[in-house]
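1. let's see this in three dimensions:
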Amino acid sequence: MNTNTPTMLPIDTERSSIIEDFGARLYELDPIGAIIENMDLAANKPPPDPVLQALEYIMACRGFIVFKSKQAITEDQFLQASCWWGGKALHSTHGVHPATPNGNPHIFRLSNDTNEGILGVGPQWHNDGSFNPGTFSHAGYHMVRAPEKGGGTCFAHQSAAFDALEYEQQEYWSRLSSVNATSGIVHPMVHLHPLTKRNSVWLHLGMTGAVIMKDPKENLFRLLDPDELKTLCNQYNDLLNAGFENGYSINYEYDTNDCLFIDNLAVAHRAAPEAHLPAEKQGLRIMHRSTIQAVDSLKPDFGLPIQLDIYSPSPLGEGVWQPGGIGFRWDDEAPMQN
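-> Residues are numbered from 1 along each chain as shown. Prediction:
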């Protein structure tokens, strides 16, 4: 399946110079992502627009940027920096854990201790906010406390993953659209990234209720049947996991105080298995997540509507049409939680 060569774009010298002239240091992680040092997230005002624009483009190319600091920042400072990107406003749809500082509704507090945060979130590859027409443009992860024995997040660059597909599979996936199991929102399985203009794959492995296929020749549509959808989900899972060997996926292990921001249209993620092990085994893990408003809707192709009523009978006849919760269970053994 993965005989084509995936491509990760390097940090270009022009944008790197803009950031270095601002006094920060930027360098690539291998094989994806980037690290930035000497940029104060607690500053009273954000960096100048040229610096933010350069960082946002680099984030799209590399998938994510980690702001390194030995100094802790407050929840408000983290949320303020989250609004540097994309739609530049918070869009929060999650629950609030009792341990969340000041009950802040924009902080999604995750932990491996039920007294400290929500357990077990995001074990399968996904992009945040697939239940929204626009999804989230970006998301932030502030590691309040890193566990002593590891517990990172896996990231896969979805443009490089598209490059890795054979041409026939690229063409087939480009005719597919997923239907969110909780909202009925329809997204293309392949979309053009708004900044890099690269084709990127897209599928939520924990919240897909149906996949619509367009006929290769005519303007006709049908639902994938259970065997087809199971095969598709497994192929997508295998593709992103193959990135660990083929240079487009990484398991990033956090340090305490790391602030990591992702381009949610460029990179998929899932929790590393160690992140869900109990605190008694791994050490206590506390992370705060933010989600940022979309710039535009991620609309399906071929004239399909942006939303279907997933809780009513299928408008396309036979095939998988699974409303609610995690949607279609493509692997009976895989843990699923959103």
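2. close enough to count as contact, residue 55 and residue 64?
-> No. The criterion here is C-beta atoms under 8 Å, and residue 55 misses it with residue 64 at 11.1 Å. (Each C-beta comes from the backbone N, C-alpha and C, glycine too.)
3. neighbour count winner among these two?
-> Per other C-beta atoms under 10 Å, whichever of residue 55 and residue 64 has more neighbours is residue 64, with 28 against 25.
4. what residues are up against that one?
-> Residues in contact with residue 64 (C-beta atoms under 8 Å, 6 or more residues apart in numbering) are 32-34, 155, 252, 260-263, 267.
5. try it again with 10 Å
-> 29, 32-34, 58, 138-141, 153, 155, 157, 250, 252, 260-264, 266-267, 269 (C-beta atoms under 10 Å, 6 or more residues apart in numbering).
6. try residue 240
-> Residue 240 sits next to 124-125, 154-158, 161, 164, 201, 203, 205, 248-249, 267-270 when contact means C-beta under 10 Å, 6+ apart.
7. out of those residues, list just those in strands.
-> Within the contacts of residue 240, residues falling in strands by DSSP state E are 154-157, 201, 249, 267-270.
8. hmm, back to that, which ChimeraX command selects the buried ones in the contacts of residue 240?
-> Applying 16 or more other C-beta atoms under 10 Å to these, the buried members can be selected in ChimeraX as follows:
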select :124,125,154,155,156,157,158,161,164,201,203,205,248,249,267,268,269,270
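9. could I get the buried residue list for stretch 92-107?
-> 92, 94, 97, 100, 104, 106-107.
10. which residues touch that stretch?
-> 74-76, 78-79, 82-83, 90-91, 108-111, 113-119, 121, 128-129, 131-132, 136, 142, 144, 286-293, 338.
11. do that again at 8 Å, thanks
-> By C-beta under 8 Å, 6+ apart, the residues outside stretch 92-107 that reach it are 75, 79, 90, 108-109, 111, 115-118, 129, 131-132, 288-291.
12. which members of those are classed as buried?
-> For the contacts of stretch 92-107, a neighbour count by 16+ other C-beta under 10 Å gives the buried set as 75, 79, 90, 108-109, 111, 116-118, 129, 131-132, 288-291.
13. and those residues, which of them are in helices?
-> Of the positions in these, 75, 79 sit in helices, assigned by DSSP state H.
14. sweet, I'm off.
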